[in-house]
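Participant: structure of the sequence below:
(one chain, ligands or ions: 1)
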Amino acid sequence: MNKPLLRIRLETAQDVVAARRRARELAAGLGFSPLDQTRIASAVSEIARNAFEYAGGGEVAFALEGERPREALAVQVRDLEAVLDGTYRSPGGMGLGITGSRRLMDRFEIHSSARGTTVTMARDLPHERSEASGPELERIVRELAARSPQEGAHGDSLEELQQQNRELVTALDELRERQEELSRLTQELEATNRGVVALYAELDERAEELRRADMMKTRFLSNMSHELRTPLSSIRALANLLLNRLDGDLSVEQERQVKLILSSAESLGETVNDLLDLAKIEAGKTEVVPAWFAAADLFAALRTMLAPLLDTPDVTLEFGSTAGLPQLYTDEPKLTQILRNFVSNALKYTERGQIRVGAQCMPGDGDEARITFFVADTGIGIAPEHHQIIFEEFSQVQNRLQQRVKGTGLGLPLCRKLAALLGGEVGVESEPGVGSTFRLNVPVRLATSIEDEPETLGNASP
Ligand code: ADP
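Facilitator: So this is what the prediction gives:
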C-alpha cells in the first residue's frame, strides 16, 4: 500500500536543488540516519538532475510504501517533458548518476517506453523508527507541503551546495574511519588465523602422539600378558603337582605355603586375562560371535559357575525366573563374562543378605527389542560420587572390605567395553549401606549381516 507524501515538479534547475532538500528533510523526519539522509538526497538529486537535463523536466513523487513494520520511503522520478514533446532517450544515455544512485538505494527500477522514462527507487525505513510514521509523519508532511513549492526551488542554492559539501566531508570522514577499522580488523583476523593454524598443527601433533602412545600401550599389554601367561601356567601346574603329593609328602606348613602360591598365581592369572581382554578390545581384535540361546541356559551356566564362590551361609545367591524372556541372539561367552563379573563383585562386597540375578525384556519393534540383566546385592554399596569412576580402568573405591578382597579395578571397565561390543551399556544404582544394582542392557538380537534362524532351537522359555 502506497501513501503519497509529496510531489515536486521539475521545471528549473532550482527545482532539482529543492527536490534534493525535500528528500533529505523527509528522510530526516522518517528517522533515517544522517548518512542515509545524504544517500537518499543524493540519489534523488542525481535522478532529478537527469530528468531535468536530458528530458527537460519532470516530476518527483515521494510516498511511503509497504506495511508496518516493513515500510520504505519510495521515490518516483518521471520525465514529463519527454511525454509532452515525444523526445525519448535511452536510459543508458542518462549519465553516470544511475549507477551511483542504484547503489545508494535498496531498490531501483527504470521503466522506459515511448511515453517517457520512470525511475522508481526505495529505501527501507530504519527498524527502530518505523513506528514513528503515524501522527509524526503527518506533521512532517504537512510542514513540508505547507511551504510553497517555490520556497525551496528558488531558495538559496549556495546554502544547499554548502550543505552538500558538509555531507561530503562527513561521508569521507566516515569512509576513512571505516577503512581504518577494516584494516585493523584484517590485521586482527590474520593474527587469529595464524594462531588457529598453529593450534591445529599442535593438536595434530598431540593426536599423533596420543595414537602412538595408545598403540604402544596396547602392544605392551598384549605382549606382557602373553609373556606372563606361560610362566603362570607353569607355576599353577607345579603347585598342583606338589599339592597332589606327586613329588612326595608335604608338611602342613609346606601345604599352606604351596596353596598360597597357587591362589596368588590364580589371581595373577585373572588379572593377566582381564588385561589381555582389554588390550584385545582396544586393538579392535576382539571378535563378536553371536548365536541363538535361551536365557534359562545362560542362568543355569552362571549358577553352576558361581555357586562354588559362595563361601558364607550369610549370603544367598538367587536367580530370577526366565519365563517369558525371548530367545537371545548375541555373543553368549561375552554376556556370561559380564554377568559373572557383576556377581563375583557382589559376592566380594556383600557380607550378609542376598544377591539376586534377573532379567527384564523391553519390547521393541522387531530387532529393536532390548533386554536388561541385573545383579542386585545387599552389600556395602557405593557412594554416588564413585558411580562413574568405578568403570574407569584401575579404579577401586576405598572401603573397609577393599583390603580383604582381591581385585585390580579392571573388571568393570572390561564389562563396559564388552557391553559396547554387544551394542549395549552397563550402569549402576547404589546406596552406601543398602546395596548395589548393576545393570547390563543389550539388544535381544545383535545386529549382524548373517545370522542363523532361531526356529532350530525350539522354545527356550522354561
Ligand atoms: P575390582 O573388583 O577388581 O577391584 P572392578 O572394576 O570390578 O574391580 O570394580 C571396581 C570397584 O568398584 C571395586 O574395587 C569396588 O570398590 C567397587 N564395586 C564393584 N562392585 C561392587 C559392589 N557390588 N558393591 C560395592 N562396591 C563395588
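Participant: how many other residues sit next to A72?
Facilitator: 19 (other CB atoms under 10 Å). Any C-beta I mention is one placed from the backbone N, CA and C, and that applies to glycine too.
Participant: backbone phi and psi for it, please?
Facilitator: Note on A72: backbone dihedrals following degrees, to the nearest 10 are phi -140, psi 150.
Participant: that one is in contact with E65, isn't it?
Facilitator: Yes - using CB atoms under 8 Å, A72 makes contact with E65 at a distance of 4.7 Å.
Participant: any shared contact partners between these two?
Facilitator: Residues touching both A72 and E65 by CB atoms under 8 Å, 6 or more residues apart in numbering: A122.
Participant: for R20, what are its contacts?
Facilitator: With contact set as CB under 8 Å, 6+ apart, R20 has these partners: 41-42, 44-45, 48, 160, 164.
Participant: from these, which one has the minimum pLDDT?
Facilitator: Minimum pLDDT for the contacts of R20 is recorded at E160 (75).
Participant: and that residue, how far from A41?
Facilitator: To A41, E160 is 10 Å away according to CB to CB, to the nearest Å.
Participant: dump stretch 262-273 to CSV, restricted to CA.
Facilitator: C-alpha atoms of stretch 262-273 as CSV (Å, rounded to 0.1, in the frame of the first residue of the first chain):
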residue,chain,number,x,y,z
LEU,A,262,48.6,-71.4,43.8
SER,A,263,46.0,-68.9,44.8
SER,A,264,48.3,-66.0,44.1
ALA,A,265,49.1,-67.4,40.7
GLU,A,266,45.4,-67.8,40.0
SER,A,267,44.6,-64.3,40.9
LEU,A,268,47.5,-63.0,38.9
GLY,A,269,46.2,-65.2,36.0
GLU,A,270,42.8,-63.5,36.3
THR,A,271,44.4,-60.0,36.1
VAL,A,272,46.5,-61.1,33.1
ASN,A,273,43.4,-62.4,31.4
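Participant: quick check, it touching the ligand?
Facilitator: No - judged by CB under 6 Å from any ligand atom, stretch 262-273 makes no contact with the ligand; its nearest approach is 8.2 Å.
Participant: who touches that stretch?
Facilitator: Counting by CB under 8 Å, 6+ apart, residues outside stretch 262-273 touching it are 225, 228-229, 232-233, 235-236, 239-240, 243, 406, 408, 410.
Participant: starting at the chain centroid, how far to that stretch?
Facilitator: Distance of stretch 262-273 from the chain centroid (CA atoms, centre = their mean, to the nearest Å) equals 45 Å.
Participant: for it, buried residues please.
Facilitator: By neighbour count on 16 or more other CB atoms under 10 Å, the buried set for stretch 262-273 is 262, 265, 268-273.
Participant: other SSEs contacting the helix or strand harbouring T170?
Facilitator: For T170, the host element (DSSP states H and E) is helix 157-243. Counting contacts by 3 or more CB pairs under 8 Å, 6 or more residues apart in numbering; DSSP states H and E, helix 157-243 is packed against helix 13-29, helix 34-55, helix 252-282.
Participant: which among these is found nearest to Y329?
Facilitator: Ranking the helices and strands packed on helix 157-243 by proximity to Y329 (CB to CB) places helix 252-282 first, at 20.8 Å.
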